[in-house]
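**Student:** Build me a model:
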Amino acid sequence: MFEGFKEFKTAVSPDISIHGIKSGSGPPLLLLHGFPQTHHIWHKITPSLVSDFTVINLDLRGYGQSSKPPSSTKENHAPYSKSAMAADCVAVMSSLGYSKFRICSHDRGARVAHKLCVDYPEAVEKVMLLDIAPTLTMFEKTDMDFARAYFHWFFLTQPEPFPEELLMKEKDIFGQKFFGGGYAGKIEGKGFWDEAALKEYMKLFENKDCVHAMCEDYRAAATIDLEEARKDREEGRKIKCPVRVLVGKKGVVATKFDYLQEWRDVSEGDVTGDAVDAGHYIAEELPDVLLKHIKEFFA
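**Tutor:** Model prediction:
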């Protein structure tokens with residue numbers, strides 16, 4: 001699916017390695033995927049990016065072929081905080097020789113990108129965020145409609161092993177919920193899915209450590225990530241680089257949040273964006289539209 005890309009694994013600590021692939025020439029562009037997916041979400045756009053950018057495409061900590069560290073205690077989800085994942089990304093890019101780079105990110109990866117921009121403002125030249133509003137905003141403005149549509153935010157945060165066991169025992173049901181009709185983007189059927197990519201995503205539900213890591217990602221989002229976001233807000237720490245936000249018209253973010261204003265509230269730089277004719281999975285639903293935005297914004 002990624003012809004011409006070279007695989008690598010970078011040790012970001014004695015116990016944690018991040019898997020990625022790299023190809024192309026030009027300025028470095030870091031790609032970060034979301035839940036419940038892997039670096040494969042970018043397979044439709046990477047062939048058209050490598051002539052303009054050096055593309056670095058990672059599996060986030062806990063996903064795909066990257067390490068899946070245990071949490072230190074059941075109450076401490078710090079190993080899956082977005083600040084920890086952001087530090088992973090900076091370590092990988094530094095190991096590849098890049099002190100500055102651009103980011104295109106989706107879903108959980110976009111939450112990592114947000115924290116990366118705040119914690120390492122000197123590293124990020126521009127950032128593109130796909131189909132999210134800031135995590136703290138979404139929790140603080142949760143209502144019944146949002147809770148119904150994003151039920152997994154609250155289900156996956158339940159104490160282990162309840163969500164882990166259900167995800168593994170009923171993976172086909174959950175796979176249909178996330179990748180079939182009705183989830184987030186209200187897309188009917190699987191028309192835009194590549195079967196090879198879908199197979200990679202469903203494999204996540206077969207790996208006990210990965211399932212636990214994905215739950216920990218969401219537990220961290222509801223605990224330590226909120227604590228860090230509130231501290232950032234109190235201290236006035238914001239995104240400093242230009243931001244481009246794309247949301248799916250058929251998704252929840254576009255209909256429930258004033259997404260551009262929400263990102264302007266946490267940014268000092270220019271924030272632009274658009275609602276495109278897609279659901280949640282923009283990179284796989286509308287790859288040509290996304291490519292147009294990437295080449296325009298990162299030029």
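
**Student:** Pick out the least confidently modelled helix or strand of this structure, by mean pLDDT.
**Tutor:** Counting by mean pLDDT, DSSP states H and E, the chain has its least confident helix or strand at helix 171-179, which shows a mean of 90.

**Student:** The next helix or strand after that one - what's its average pLDDT?
**Tutor:** Next along the chain after helix 171-179, taking DSSP states H and E as the criterion, comes helix 195-203. Averaged across helix 195-203, the pLDDT comes to 94.

**Student:** Outside of helix 195-203 itself, list whatever touches it.
**Tutor:** Identification of contacts with helix 195-203 by CB atoms under 8 Å, 6 or more residues apart in numbering yields 1, 36-38, 40-41, 43, 64, 171, 175, 179, 190, 284. For every residue, glycine as well, the C-beta is placed using N, CA and C.

**Student:** Check which helices and strands the least confident helix or strand of the chain sits against.
**Tutor:** On a contact count with 3 or more CB pairs under 8 Å, 6 or more residues apart in numbering; DSSP states H and E, helix 171-179 meets helix 195-203.

**Student:** ok, residues contacting stretch 70-88?
**Tutor:** Taking CB under 8 Å, 6+ apart as the rule, stretch 70-88 contacts 12, 16, 18, 60-62, 69, 111-116, 119-120, 135, 159-160, 212-213, 216-217, 219-221, 223-225, 228.

**Student:** If we use 6 Å, what do you get?
**Tutor:** For stretch 70-88, the external contacting residues (CB atoms under 6 Å, 6 or more residues apart in numbering) are 12, 18, 60-61, 69, 111-112, 115-116, 119, 216-217, 219-220, 223-225, 228.

**Student:** what about that stretch, start to end distance?
**Tutor:** Chord length of stretch 70-88, first to last residue, is 16 Å (CA to CA, to the nearest Å).

**Student:** Of all the residues in it, which ones are buried?
**Tutor:** Neighbour counts using 16 or more other CB atoms under 10 Å place 71, 77-88 of stretch 70-88 among the buried residues.

**Student:** Over to stretch 234-248?
**Tutor:** 237-239, 241-248.

**Student:** before we move on, the earlier item: including neighbour count, could the contacts of helix 195-203 go into a markdown table?
**Tutor:** Below are the contacts of helix 195-203 laid out as a markdown table (neighbours: other CB atoms under 10 Å):
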| residue | neighbour count |
| --- | --- |
| M1 | 15 |
| P36 | 24 |
| Q37 | 27 |
| T38 | 23 |
| H40 | 23 |
| I41 | 25 |
| H43 | 18 |
| G64 | 23 |
| K171 | 17 |
| G175 | 17 |
| F179 | 18 |
| K190 | 13 |
| E284 | 23 |
